[in-house]
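Asks: here you go, sequence then predicted model.
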Amino acid sequence: MKRNIFESAAASIRAWAIAPLLAAVLAGCAASPDAAPATNPVPPVSLADYTLAPGDRVRVTVWGQPDLTTEAELDAEGRIVMPLLGAVQAAGSTAGDLRTAIAGTLDARYLVDPKVAVEVVRYRPVFVLGSVERPGRYGYLQALDVRRAVALAGGYRGDDPVRAVTILRDGAEGRREIAGRPDTTVLPGDVIEISRPAR
């Protein structure tokens, strides 16, 4: 009987000692949704939404019409030249928009219900500047992010912590600055500036 009393008392003491710890853990869990989550300052982007610009190279295929199939780089004014159609404005359009525009023009003037495909065969380069080993221009790669872009440029220079990553990106509303981080997606034509603390 004495053993049972002592065991019960010990169990009560253990429960009393653990209870505050348990309450603290549960309070932390309950508070976590209110804590500011780590957010990416850049909205998700996709090459499907990418707007063409001078320096991109595209292939336009018109099925059943090999003489109309064209591969060309957008010139300084954002145009490509196609047989029958001449200069076609491509800059500012997605590949899908350009396909629709070309198909519509061919349908209105020359062909009945033409089947057109537009593919970007080479994107314009990106630029990695600032505190990297080899600042400069680099060919765009699929699934490129800031981390991989810095690796292309030889990695960060020196041992100082990186102070900021700024991406300069052209868009329909002009050039804008984006606060970047290692996993931020990089688009063709982006300028990535790496800065470090001033000494």
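Replies: Good, I have the coordinates.
Asks: in terms of helices and strands, where is Ala149?
Replies: helix 146-152 (DSSP states H and E).
Asks: where does pLDDT dip in this protein?
Replies: Low-confidence segments of the chain (pLDDT under 70): 1-45, 160, 172, 197-199.
Asks: strands along that one, start to end?
Replies: Here the chain has its strands, by DSSP state E, at 57-62, 70-73, 79-82, 86-89, 116-122, 126-130, 136-138, 164-171, 174-179, 191-195.
Asks: make CSV from those and add distance to Thr100 and mean neighbour count to it.
Replies: Backbone N, C-alpha and C define where each C-beta goes, glycine included. Putting these into CSV (distance: least, CB to CB, whole Å; neighbours: other CB atoms under 10 Å) gives the following:
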stretch, distance to Thr100, mean neighbour count
strand 57-62, 12, 19
strand 70-73, 16, 16
strand 79-82, 15, 18
strand 86-89, 12, 14
strand 116-122, 8, 16
strand 126-130, 28, 20
strand 136-138, 32, 14
strand 164-171, 21, 17
strand 174-179, 25, 11
strand 191-195, 30, 19
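Asks: now distance to Ala95 too, for the ones you listed, in TSV please.
Replies: TSV is the format used below for the strands of the chain (distance: least, CB to CB, whole Å):
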stretch	distance to Ala95
strand 57-62	7
strand 70-73	13
strand 79-82	12
strand 86-89	13
strand 116-122	5
strand 126-130	19
strand 136-138	22
strand 164-171	16
strand 174-179	22
strand 191-195	23
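Asks: quick revisit: return the set of buried residues in the helix holding Ala149.
Replies: Residues of helix 146-152 classed as buried by neighbour count (16 or more other CB atoms under 10 Å): Val146, Ala149, Val150, Leu152.
Asks: just stretch 177-191 next, same as before
Replies: Neighbour-count burial for stretch 177-191 flags Ile178, Gly180, Arg181, Thr184, Thr185, Val186, Leu187, Pro188, Gly189, Asp190, Val191 (criterion: 16+ other CB under 10 Å).
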